[in-house]
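K.L.:
Structure, please.
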Amino acid sequence: MHSARGDAEAMWTAALGAVEPGSLVGRHAGPLLDRVTAAERVVVIGGGKAAAGLAAGIEAALGPDALSRHDVAGLVSVPAGCGRRLQRIEVRETRPAGVNLPTPAVVDATREMLAMIGRLGPRDLVLAAITGGGSALIAAPRPGVSLAEKIARTRGLSEAGADIATLNAARREMSVVKGGGLARACTAGRLVALVLSDVIGSDLSVIASGPCLEPGGPAGWTTPRGCRVEHLLLGDNATAVEAAAAVAWRLGYEVAIDAATDGDPAEEVGQRLARRALERATEAARDGRPRAVIAGGEAVVRVPADHGVGGRNQQTVLAALAAVRGLAGDWPAGLVIASIGTDGEDGPTDAAGGVIDAAVAASIDAAALTTALTRCDAHPLLTEAGGLVRTGPTGTNVADVRIVLVR
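P.N.:
Below is the predicted model:
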């Protein structure tokens, strides 16, 4: 008989597969080819954790003849571990894995992109791969703002628990490419942003800090240089959640998809998951049918000065463990709670997130749990207990997927 933890793994694997960027480009190949056919030259730029996959998908969708006919070239900026060799588009690893901050290599790559799109003509087309993580992978500080100052302000806001909207607003103030700046630099006749959203609600001004969107403006607009800009949303958090839910249905679970949340403290998210788990356990006890709850979102963690090592998903599952114990005493034998970052990175760690089942719960005592939660030090505790989920960099990013299973 399959285990609930095995079922949870099948579900998060399906969620990641559903947002594989190359496949998403393939599903939108028709509209993409329509725009390419009318162009003379095509340049591909962009950045983010899924930018390499989008670039590969673009090359696959165009095929060798169109790549040659339209003199396709380009550059995308990705984290270490997400690189790959393509035919026409350079994929450059510009920051270390697990360090979501710009580097001098990011700035150099961004300036090269600006130069590439600033020498095109009205019959040319730019395809911009815009994905989660792009804020730290497409960066060019405004004159008078150093990269060190930009990093210090961003890090301070993040450690204070700022949500993604607050972080991106600050990034726009300090950047020449965010808030539509990348598009404004383009001299081509047309720019199409291919977007994979890591933002709940898919606000285009927030994803990667909106490098191709005028703040407060529409998705389709014309820059002062006469470049017509449009956005194609390829996938988002709901895409991953729905894929996980489909697997749960096939495995025989009664499935509830809860509303996605963004910016809530990880401790509150964990408590909410615990309450939902115990509600579903009561239902399962009545009729013997397994239950599942799937949700998306992205929590935040307020990090203390004397902090340890962890991430928002690891903090979330530890908070769920504490809440279940507080509400029910023991951890139910058939309960699994998991929270996974779809990018494979959860804070500055080697894990994508965490999972608690009966065996993991039994390995964590109350004192160690309290200390880990207080110090945001989930990683060593979950490592020892066997509660880490490691996927490695996934090459995609649509925020987090949370799974509750009761058998």
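
K.L.:
separation between S175 and I117?
P.N.:
To I117, S175 is 16 Å away according to CB to CB, to the nearest Å. Where C-beta positions appear, they are placed from N, C-alpha and C, glycine not excepted.

K.L.:
who's in contact with G210?
P.N.:
Listed by CB atoms under 8 Å, 6 or more residues apart in numbering, the contact set of G210 reads N168, R172, K178, G179, G180, L204.

K.L.:
which secondary structure elements does the helix or strand containing the second one contact?
P.N.:
Right, R172. Per DSSP states H and E, R172 falls inside helix 164-174. Here helix 164-174 touches helix 147-159, strand 261-265, going by 3 or more CB pairs under 8 Å, 6 or more residues apart in numbering; DSSP states H and E.

K.L.:
now the angle between helix 164-174 and the first one, please.
P.N.:
In this structure, helix 147-159 runs at an angle of 160 degrees to helix 164-174, with axes from the mean of the first three to the mean of the last three CA atoms, to 10 degrees as the basis.

K.L.:
Pull out the buried residues from helix 147-159.
P.N.:
L147, K150, I151, R153, T154, L157, S158 (16 or more other CB atoms under 10 Å).

K.L.:
which residues touch it?
P.N.:
101-104, 107, 139, 141, 166-167, 170-171, 174-175, 302-303.

K.L.:
that older thread, tell me which of the helices and strands packed on helix 164-174 sits nearest to E283.
P.N.:
strand 261-265 (22.2 Å; CB to CB).

K.L.:
returning to that earlier point: how far off centre is the helix holding R172?
P.N.:
Offset of helix 164-174 from its chain centre (CA atoms, centre = their mean, to the nearest Å): 17 Å.

K.L.:
quick check: angle from that helix to strand 261-265?
P.N.:
Using the same axes, to 10 degrees: helix 164-174 against strand 261-265 is 90 degrees.

K.L.:
For the stretch 51-200 of the chain, give me the ranges with low pLDDT.
P.N.:
Along the stretch 51-200 of the chain, no part satisfies pLDDT under 70.

K.L.:
Okay, strands next: where are they in it?
P.N.:
73-79, 89-95, 125-131, 190-196 (DSSP state E, counting those that start in this stretch).

K.L.:
Against which helices or strands is the third one packed?
P.N.:
It refers to strand 125-131. Applying 3+ CB pairs under 8 Å, 6+ apart, one finds that strand 125-131 contacts helix 29-37, strand 42-47, helix 51-69, strand 190-196.

K.L.:
May I see the buried residues of the longest one?
P.N.:
Applying a neighbour-count criterion of 16+ other CB under 10 Å, the buried positions in helix 51-69 are 51-62, 66-67, 69.

K.L.:
Which of these sits closest to A219?
P.N.:
Lowest distance from A219 to the buried residues of helix 51-69 (CB to CB) belongs to L54, with 17.6 Å.

K.L.:
what ranges do the helices span in the stretch 201-350 of the chain?
P.N.:
237-250, 266-287, 312-328 (DSSP state H, counting those that start in this stretch).

K.L.:
CSV please, covering those helices and showing mean pLDDT, distance to P380 and mean neighbour count.
P.N.:
What follows is these, written out as CSV (pLDDT from 0 to 100; distance: least, CB to CB, whole Å; neighbours: other CB atoms under 10 Å):
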stretch, mean pLDDT, distance to P380, mean neighbour count
helix 237-250, 98, 28, 21
helix 266-287, 97, 17, 19
helix 312-328, 97, 10, 24
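
K.L.:
Would you format the ones you listed as TSV with distance to G344 included?
P.N.:
Conversion of these to TSV gives the following (distance: least, CB to CB, whole Å):
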stretch	distance to G344
helix 237-250	13
helix 266-287	18
helix 312-328	11
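
K.L.:
quick one, which of those helices is nearest to A15?
P.N.:
Among these, the nearest to A15 by CB to CB is helix 237-250 (3.9 Å).

K.L.:
Centre of the chain to the closest one, how far?
P.N.:
The answer for helix 237-250 is 17 Å, by CA atoms, centre = their mean.

K.L.:
a markdown table for the helices and strands packed on helix 164-174, including distance to G392?
P.N.:
As requested, the helices and strands packed on helix 164-174 are exported to a markdown table (distance: least, CB to CB, whole Å):
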| stretch | distance to G392 |
| --- | --- |
| helix 147-159 | 23 |
| strand 261-265 | 25 |
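
K.L.:
for the ones you listed, which one sits closest to E214?
P.N.:
E214 lies closest to helix 147-159 among the helices and strands packed on helix 164-174, at 21.5 Å (CB to CB).

K.L.:
how about that closest one as PDB, C-alpha atoms only?
P.N.:
This file holds the C-alpha atoms of helix 147-159, laid out as PDB (Å, rounded to 0.1, in the frame of the first residue of the first chain):
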ATOM      1  CA  LEU A 147      25.400  47.700  -5.900                       C
ATOM      2  CA  ALA A 148      26.400  47.400  -2.300                       C
ATOM      3  CA  GLU A 149      23.800  49.900  -1.200                       C
ATOM      4  CA  LYS A 150      21.100  48.200  -3.200                       C
ATOM      5  CA  ILE A 151      22.000  44.800  -1.700                       C
ATOM      6  CA  ALA A 152      22.100  46.200   1.900                       C
ATOM      7  CA  ARG A 153      18.600  47.800   1.600                       C
ATOM      8  CA  THR A 154      17.100  44.700   0.000                       C
ATOM      9  CA  ARG A 155      18.600  42.400   2.600                       C
ATOM     10  CA  GLY A 156      17.400  44.600   5.400                       C
ATOM     11  CA  LEU A 157      13.900  44.600   4.200                       C
ATOM     12  CA  SER A 158      13.900  40.900   3.600                       C
ATOM     13  CA  GLU A 159      15.200  40.100   7.100                       C
END
